[in-house]
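Novice: sharing a sequence plus its predicted fold:
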Amino acid sequence: MSTKQLASRSWWNYLTENQRDLLSQSQILLEREEKYGKDHFHDYAFALFPAAKAYEGFLKKLFYDLGIITREQYNSNHFRVGRALNPDLPIKFRGRDWVYDRLSTYCSKETPNVLWNTWKRSRNLVFHWFPRHKNFVTLVEAKKRQQMIVEAIERSLSECKVQ
């Protein structure tokens, strides 16, 4: 997918300018590495980072536009998307920030799981390092994960009742 193809998607203008810039930047990096740097690095997570950051912003915007979080939560430096979306979060930690169950009220029953799995694979496992896991992201895998982000955005905007 090219940056031009991204910009032609029906949901593109739902994103903030910053989110569009980040997704475009990720696409440009992936295209550049495909053309010039193929198999040059062990880890291409750097090309996925901007898309993952855009996805985090998109999720906060989606939660806010659905009325699941408040403006205060949306603007907060303390609201954590991963914690809010984690279906396995112990009940004792599920406060007003936990959105997983509420999402199915506004979206299909599968949407929260799609959003969570995309978050986990394309953001969480990319940003974090674990001593016993080699979470290197190949160029092919970076492209797949970016596509996963794009598909999650597209699916949620077609299935959720955004105001």
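Specialist: Looks like it arrived, so ask away.
Novice: from the chain's centroid, how far away is the lowest-mean-pLDDT helix or strand in the chain?
Specialist: Within the chain, no helix or strand scores below helix 125-127, which has a mean of 73 by mean pLDDT, DSSP states H and E. How far helix 125-127 lies from its chain's middle: 12 Å, per C-alpha atoms, centre = their mean, to the nearest Å.
Novice: in it, what's buried?
Specialist: 125-126 (16 or more other C-beta atoms under 10 Å). The way it works is simple: take the backbone N, C-alpha and C, and place the C-beta from them, glycine included.
Novice: which strands and helices sit next to it?
Specialist: Secondary structure elements in contact with helix 125-127, counted by 3 or more C-beta pairs under 8 Å, 6 or more residues apart in numbering; DSSP states H and E, are helix 45-65.
Novice: ok, residues contacting whatever helix or strand comes next after the helix it packs on?
Specialist: Counting by DSSP states H and E, the next helix or strand C-terminal to helix 45-65 is helix 71-75. Where contact means C-beta atoms under 8 Å, 6 or more residues apart in numbering, the residues beyond helix 71-75 that reach it are 60-61, 63-64, 79, 96-97.
Novice: how about 10 Å then?
Specialist: Around helix 71-75, the neighbours that count as contacts under C-beta atoms under 10 Å, 6 or more residues apart in numbering are 60-61, 63-65, 69, 78-79, 84, 96-97, 99.
Novice: off-centre distance for that helix?
Specialist: Relative to its chain's centre, helix 71-75 lies at 18 Å (C-alpha atoms, centre = their mean).
Novice: swap in stretch 37-51?
Specialist: Relative to the chain's own centre, stretch 37-51 is displaced by 17 Å; criterion: C-alpha atoms, centre = their mean.
Novice: could you shift the numbering so residue one becomes 45, and keep it that way?
Specialist: Renumbered: residue one is now 45, and that last one reads stretch 81-95.
Novice: endpoint to endpoint, that stretch covers what distance?
Specialist: Stretch 81-95 stretches 19 Å from its first residue to its last (C-alpha to C-alpha, to the nearest Å).
Novice: re earlier: quick check: what element follows the least confident helix or strand of the chain along the chain?
Specialist: Moving toward the C-terminus from helix 169-171, the first helix or strand encountered (DSSP H and E) is helix 183-203.
Novice: helices and strands around that next one, which ones?
Specialist: Based on contacts counted as 3 or more C-beta pairs under 10 Å, 6 or more residues apart in numbering; DSSP states H and E, the elements that helix 183-203 packs against are helix 47-51, helix 61-76, helix 89-109, helix 144-150, helix 155-163, helix 169-171.
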